[in-house]
Structure formats: C-alpha cells, structure tokens
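# Return a 3D structure for these sequence lines:
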Amino acid sequence: MANPSSKSIDWSPQNWPRLFFQFFTSFKLATVVLVFMTLVTLLGTLGQVDHGLHAAKAKYFHSWFFDDKIFGIPVLLPGGLLLMILLFVNMTLGAIVKVRKRWKGFGMLISHIGMLMLLAGGFVTWAFSTDGYMALYGGMSSNRVESYREWQLEIMPLSKEGVAEKAWIYPSEYLETMRSDEQRVIHAETLPFDVVINGYAPNATPIPTSAPMAAGVTGKEIDGFKLSPQKPSKEAEQNLPGCFIEIRPRDGGAPIEAILWAGSYRFDPREKPMPFTFTIGDQLYGALLVKKSWTVPFTVKLDQFIFERHPGVSMARNYESRVTRFEEGEPDKSLEIKMNEPMRHAGYTFFQESFGPSGAQPGDDMFSQFAVANNPADQWPLYSLIVTSAGLLIHFLIMLVNFTTRARKRFANPAST
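Just a heads-up that it's a prediction; the model follows:
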C-alpha cells in the first residue's frame with residue numbers, strides 16, 4: 001500500500017518548467033557541481049605533467065566533457081566549461097532570483113553578484129580573449145602581434161625583387177583539424193592553381209632519406225627528405241608543424257610538390273621567414289607555414305632595452321623596455337614596460353615577457369619580447385573581489401547591528417530571557 005504522506009512528482013509537460021526551475025535552483029545541484037569542479041581541478045593539475053599547460057587547459061577546463069582514467073578505469077566526466085555554466089545558472093536562479101529578499105540578506109546578495117561576475121569573466125576570457133607576442137630590437141617598431149601556437153599556410157605572389165604582395169591564407173583553425181594521413185584539395189579563386197595539402201602534423205621534422213631512421217617513416221619523399229610526425233611537445237609553443245603541399249596548375253601544367261616545415265621560420269625579429277618559391281606562368285610565388293598574426297590599433301617602437309645580470313653569472317637580475325607609442329590622432333607617448341608594470345592601452349596589455357636571442361653574451365645586441373593580451377574581462381576578477389568583499393562587509397555589519405540590538409534588549413529586560 002502506498003504511503004499517503006508521500007508526494008508524487010507530476011511529470012506532465014505543463015509542469016516541466018517548474019521541475020526545471022527546481023532542478024537548477026537546488027542546493028543538491030550546487031553540491032554535485034562543486035564536487036566535480038574539485039575533481040576536475042585535481043585531474044587538470046596532474047594532467048599538466050603529461051600534457052603541458054595549454055593542452056591540459058583545453059582538455060579539462062575549456063571542454064564540455066572529457067574522458068580520463070581514475071584508478072585505471074576509463075570514465076566520462078563533465079568539463080570545466082559545462083560545470084561553470086551550471087554553477088552560474090544555479091547561483092543566478094537559486095541565490096538571486098529564488099531567494100526571499102530581506103534586508104538582512106542584502107550583503108550576501110551583493111556577494112553572490114560578485115561571484116557571478118567572476119564566473120562571467122572567466123567565460124568572456126575563454127570566448128573573446130586573444131594572446132600573442134611582439135619582439136623588437138632597439139630602434140624597431142611594429143603594430144603586429146604573432147600567435148604563440150597557431151600556424152597558417154600562406155601563399156603569396158612575389159615581385160621580381162622577392163617582395164611579397166597580399167597573401168592567400170589557409171587559416172589555422174582549418175589546418176588544426178587535419179589528420180596526418182588526410183588530403184585536402186583547395187580551390188582558391190584568387191590563385192591560378194589548386195592547393196593540395198597531403199597531411200598536416202602539429203609537430204614534425206624533416207629527415208633525410210639517407211638517415212637510418214627514415215626507413216620507418218611513411219609518406220612521400222621529396223628532394224631527398226621525408227616528413228616525420230613527432231609527439232606533440234608538452235609546451236605547445238615549441239611545436240613545429242609540417243605538411244606536404246602540391247600545386248596543381250589549372251592550365252594542365254606539371255604539379256609542383258614540396259615539404260613545408262615551420263622550422264624554416266625565423267624566430268629572430270630581424271629575419272624574415274624563407275618561403276618555398278615556385279613559378280606558375282610568368283609569376284613567382286612563395287609558400288610557407290607562418291604563425292597567425294594580427295595588428296593592434298597603435299605602433300610600438302623600442303627605444304632602449306635594459307638588461308642587467310647578477311654579478312658573475314648569466315642569470316637576469318632585471319630587464320625592462322623603454323618604448324614610444326604612436327597612434328593616429330594622438331601625441332606620441334614615451335613609456336616604460338617592466339616585469340610587474342605592463343602597458344595597458346585600447347584594451348591591450350603589453351607585459352615584459354622575455355628577451356633574446358638565446359645565448360647572448362654581454363655587449364651583444366638583444367631584442368625585447370612582449371606578451372600581448374586582449375582580454376575584455378581583464379579587470380573583472382578585481383571588480384569581483386571588490387564587490388564580494390563589500391557584500392561580506394555589509395553582511396557582517398548587519399549581523400553585528402542585529403546582535404547588539406538583541407543583546408541590548410536582553411540587558412534592558414532580563415526577565416524576558
């Protein structure tokens with residue numbers, strides 16, 4: 001016999017909105033989400049050892065779901081992105097919409113808004129922020145930022161002097177989805193030939209066919225070399241991708257094959273990358289893998305790079321850059337960028353990141369490298385901390401006033417206690 005005191009759940013369609021609201025506002029959901037967030041944080045921290053920081057963030061914290069092994073058992077777990085969204089919805093509906101509005105809870109309401117700002121800032125950073133670097137020798141100026149990890153295929157017409165004109169670009173987001181055994185035929189309207197990419201490896205190295213290790217490498221041999229895919233580096237910035245390309249003229253000419261490798265890319269800001277060159281008709285072209293780049297709305301010139309070493313050793317004690325910022329319609333501005341004092345302007349932040357070239361000796365000419373970030377939510381964690389702290393302070397003051405008021409009443413009327 002059924003217990004008459006038990007409540008049955010009405011699963012009729014007209015009751016679904018109420019059930020969904022109860023589910024997303026429940027304290028049980030918040031508890032489960034926080035437990036999973038703790039587990040994902042632990043796995044993500046340990047995963048950095050095997051996968052590196054960038055890959056670990058993408059797998060554990062920027063995903064909806066991910067698969068991993070716990071005590072040797074494969075499991076499918078919710079990713080950080082899904083958990084953050086669930087927590088945001090739960091706090092918005094449960095702690096702000098559903099909660100009964102009372103003056104005593106005003107401080108906690110403000111604190112919850114501050115925590116929601118922090119979660120929203122994390123989503124904005126994931127969805128809209130960009131990061132890259134700019135390297136300059138003294139006297140050099142630039143408004144172009146290069147990506148640390150994203151590579152793209154560029155094919156550009158060259159003048160007789162070898163100067164590149166506007167390039168045709170195959171974007172990094174397309175290249176990164178290719179397998180090492182995949183072929184893609186690309187019909188470019190602006191080029192008189194088709195581009196065929198025969199496999200793309202995120203990390204690779206060309207090997208001479210005369211080397212013993214070349215025997216175990218599959219793939220085409222071009223000009224005495226094979227392209228050997230390598231295990232991706234733990235530090236994604238160190239990966240050097242490679243691919244086979246084939247140029248197929250549409251006029252029926254003989255196809256042209258080449259191996260493109262990012263190792264031919266020059267990392268010194270004074271040197272230009274060397275493309276693979278070929279001729280179609282009377283036009284000279286260049287093809288190469290280069291880092292994705294974009295421009296900022298102002299120009300930075302490095303006036304002086306200051307580098308100080310610890311006495312008797314090569315370790316850096318301090319390094320900073322004195323720069324001039326040029327912007328159309330604005331006066332030139334001289335600035336200093338130090339390790340803990342970035343330059344913030346027009347939504348971009350320039351951090352003093354590193355220097356080069358590696359192995360430079362005292363007296364050698366050195367370049368300064370800036371990390372350049374464009375994050376719309378850059379200051380949101382600070383604002384969130386201020387709002388949350390203000391809410392907790394207000395809550396503490398309300399509780400203090402309430403406590404002292406009750407204590408005064410008990411002291412004034414002891415018979416009532």
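# As a check, name the ranges of all helices in this structure.
Secondary structure of the chain (DSSP state H): helices at 16-24, 27-51, 53-56, 80-90, 106-128, 172-175, 380-412.
# now for the fourth one, which elements pack on it?
In terms of contact count using 3 or more Cβ pairs under 8 Å, 6 or more residues apart in numbering; DSSP states H and E, helix 80-90 is assigned the packing partners helix 16-24, helix 27-51, helix 106-128. All C-beta spots, glycine's among them, are computed from the backbone N, C-alpha and C.
# if you average pLDDT over each of the ones you listed, which comes out lowest?
Ranked by mean pLDDT, the helices and strands packed on helix 80-90 bottom out at helix 16-24, with a mean of 87.
# any idea how far Leu82 is from the nearest residue to Ile9 once chain neighbours are set aside?
Among residues not flanking Ile9 along the chain, Leu19 sits closest, at 7.4 Å (Cβ to Cβ, 6 or more residues apart in numbering). Separation of Leu19 from Leu82 (Cβ to Cβ, to the nearest Å): 20 Å.
# ok, now Gln152?
Taking Cβ to Cβ, one finds Gln152 at 30 Å from Leu82.
# Looking at those two, which is more packed in?
Legend: neighbour count by other Cβ atoms under 10 Å for Gln152 and Leu82, higher for Gln152 (20 against 17).
# List the beta-bridge partners for that one.
In this entry, Gln152 is beta-bridged to Val290, by DSSP bridges.
# so who does Ala188 touch?
155, 168, 194-195 (Cβ atoms under 8 Å, 6 or more residues apart in numbering).
# Dihedrals phi and psi, it?
When quoted as degrees, to the nearest 10, the phi and psi of Ala188 stand at phi -100, psi 120.
# then stretch 63-81 to CSV, C-alphas only?
The C-alpha coordinates for stretch 63-81 follow below in CSV (Å, rounded to 0.1, in the frame of the first residue of the first chain):
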residue,chain,number,x,y,z
SER,A,63,35.6,21.5,-22.6
TRP,A,64,32.0,20.3,-22.2
PHE,A,65,33.1,16.7,-21.4
PHE,A,66,36.3,14.8,-21.4
ASP,A,67,37.4,11.2,-20.9
ASP,A,68,40.0,10.2,-18.4
LYS,A,69,41.1,7.3,-16.2
ILE,A,70,40.5,7.1,-12.5
PHE,A,71,42.4,4.2,-10.8
GLY,A,72,42.8,2.7,-14.2
ILE,A,73,39.1,2.9,-15.0
PRO,A,74,38.0,5.0,-18.1
VAL,A,75,35.3,7.5,-17.2
LEU,A,76,33.5,10.3,-19.0
LEU,A,77,33.4,13.5,-16.9
PRO,A,78,31.9,16.9,-17.3
GLY,A,79,34.4,19.5,-18.3
GLY,A,80,35.1,22.8,-16.7
LEU,A,81,33.1,24.8,-19.2
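# any weak-confidence spans in the protein?
Low-confidence segments of the chain (pLDDT under 70): 1-7, 100, 264-266, 312-314, 415-417.
# out of the helices of the chain, which comes closest to Gly281?
Gly281 sits nearest to helix 172-175 of all the helices of the chain, at 27.0 Å, using Cβ to Cβ.
# Check which helices and strands the closest one is in contact with.
strand 141-158.
# which secondary structure elements does the strand it packs on contact?
strand 130-137, strand 168-170, helix 172-175, strand 193-201, strand 283-309.
# Was I right to think Asp378 contacts Thr349?
Yes. Asp378 lies in contact with Thr349 (Cβ atoms under 8 Å); the separation is 6.4 Å.
# and the nearest residue to Asp251 once chain neighbours are set aside, how many neighbours?
Nearest-residue entry for Asp251: Pro192, 7.4 Å, with adjacent residues in sequence omitted and distances by Cβ to Cβ, 6+ apart. A count of neighbours around Pro192, defined by other Cβ under 10 Å, yields 14.
# which ones are touching Pro192?
Contacts for Pro192 (Cβ under 8 Å, 6+ apart) come out as 249-251, 280-281, 283.
# And Phe61, by the same measure?
Taking Cβ under 8 Å, 6+ apart as the criterion, Phe61 is in contact with 40, 44, 79-81.
# again, but for Gly356
135, 267-268, 366-367, 369.
# For the residues you listed, which two are the farthest from each other?
Pairwise distances across the contacts of Gly356 (Cβ to Cβ) peak at 13.8 Å, for the pair Phe267 and Met366.
# give me the beta-bridge partners of the residue nearest to Glu353 when sequence neighbours are not counted?
Spatially, and ignoring its direct neighbours in sequence, Glu353 is nearest to Ala371 (4.0 Å; Cβ to Cβ, 6+ apart). When bridges are called by DSSP bridges, Ala371 pairs up with Tyr133, Phe351.
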